[in-house]
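Asks: Okay, predicted coordinates and the sequence, questions at the end:
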Amino acid sequence: MSFESLKAFVLQGIAAAGLNRAVMRGLAADHGLQGAALLVVAIGGALSAVGHMNPMGVLYYPFVSLLLFLLNVAALHLMAGVFFKGKGTYNGLMIVLGAASVVNWVAVIPLLGSILGFAASLWFLVVGVAAVEELYRLDRMRAVLSVIVPIIAVSFLLVLFGLAGVPIWNGGRM
């Protein structure tokens, strides 16, 4: 991928993050953009590590970001496409949300990156609703449920495991 094509993709991602539905539809229709979408997500992970002043994180944040992103897209597709019988595709949603994840690049700013990253994450929920609504042709309530239900389910499981005393993450300590 050339720098110019990545630049064009990032600009489309900014437009998608700005809720431009025509850009979302165009991105979703271009099946050759999966690599660009994943690259934007990985760059966001690396920039987040820089913002957190975590030099080692530059090596693994991109992979964690990619894994969580792909799981998120799968959960959204499962809800919107399978449960609510929407008409979108996993690849189309992955491309649009990957492009729009350029908003997460604000996490690179030292000291403010965590706050801006949190705000970007909240905005990304709005982008997710708009993308699901547009790409899967769902009404607003079903699109909101497609985004919120997986978050509630994961939160419930984390609380359930926590109450059961199952260590989910110990900060890397043995």
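Replies: Good, I have the coordinates.
Asks: Tell me how far V58 lies from L68.
Replies: According to CB to CB, to the nearest Å, V58 stands 17 Å off from L68. Where C-beta positions appear, they are placed from N, C-alpha and C, glycine not excepted.
Asks: let me fix that: G92
Replies: 19 Å.
Asks: quick one: contacts for Q34?
Replies: Residues near Q34 by CB atoms under 8 Å, 6 or more residues apart in numbering: 91, 94-95, 98.
Asks: Just the pLDDT for the residue positioned nearest the centre of the chain.
Replies: Centroid-nearest residue in the chain, with CA atoms, centre = their mean: F69, separated by 4.8 Å. In this model, F69 is scored at 95, pLDDT.
Asks: so where's this structure uncertain?
Replies: Applying pLDDT under 70 to the chain flags the ranges 163-174.
Asks: which stretches of it form helices?
Replies: With DSSP state H, the ranges of helices along the chain come out as 3-17, 21-29, 34-51, 57-77, 90-100, 113-135, 140-163.
Asks: got the angle between the second one and helix 113-135?
Replies: Helix 21-29 and helix 113-135 are oriented at 80 degrees to each other (axes from the mean of the first three to the mean of the last three CA atoms, to 10 degrees).
Asks: The last one too?
Replies: Counting by the same axes, to 10 degrees, helix 140-163 lies at 130 degrees to helix 113-135.
Asks: what does helix 140-163 contact?
Replies: Identification of contacts with helix 140-163 by CB under 8 Å, 6+ apart yields 72, 75-76, 78-80, 83-84, 86, 125, 128-130, 132-133, 136, 138, 168.
Asks: buried ones in that helix?
Replies: 142-147, 150 (16 or more other CB atoms under 10 Å).
Asks: now that helix and helix 57-77, what's the angle there?
Replies: Using the same axes, to 10 degrees: helix 140-163 against helix 57-77 is 120 degrees.
Asks: starting at the chain centroid, how far to helix 140-163?
Replies: In terms of CA atoms, centre = their mean, to the nearest Å, the centre of helix 140-163 is found 15 Å from the chain centre.
Asks: Alpha carbons of it, as CSV, please.
Replies: Once non-C-alpha atoms are left out, helix 140-163 reads as follows in CSV (Å, rounded to 0.1, in the frame of the first residue of the first chain):
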residue,chain,number,x,y,z
ARG,A,140,-31.8,3.0,15.2
MET,A,141,-33.0,0.9,18.2
ARG,A,142,-31.7,-2.3,16.7
ALA,A,143,-28.5,-0.7,15.8
VAL,A,144,-28.1,0.7,19.3
LEU,A,145,-28.9,-2.8,20.7
SER,A,146,-26.3,-4.3,18.3
VAL,A,147,-23.6,-2.1,19.8
ILE,A,148,-24.7,-2.1,23.5
VAL,A,149,-25.7,-5.7,24.1
PRO,A,150,-22.2,-7.2,23.5
ILE,A,151,-20.8,-4.5,25.9
ILE,A,152,-23.3,-5.5,28.6
ALA,A,153,-22.7,-9.2,28.0
VAL,A,154,-18.9,-8.8,28.3
SER,A,155,-19.2,-6.6,31.4
PHE,A,156,-21.6,-9.1,33.0
LEU,A,157,-19.1,-11.9,32.3
LEU,A,158,-16.3,-9.9,33.8
VAL,A,159,-18.3,-9.2,36.9
LEU,A,160,-19.4,-12.8,37.1
PHE,A,161,-15.8,-14.1,36.8
GLY,A,162,-14.7,-11.5,39.3
LEU,A,163,-17.3,-12.5,41.9
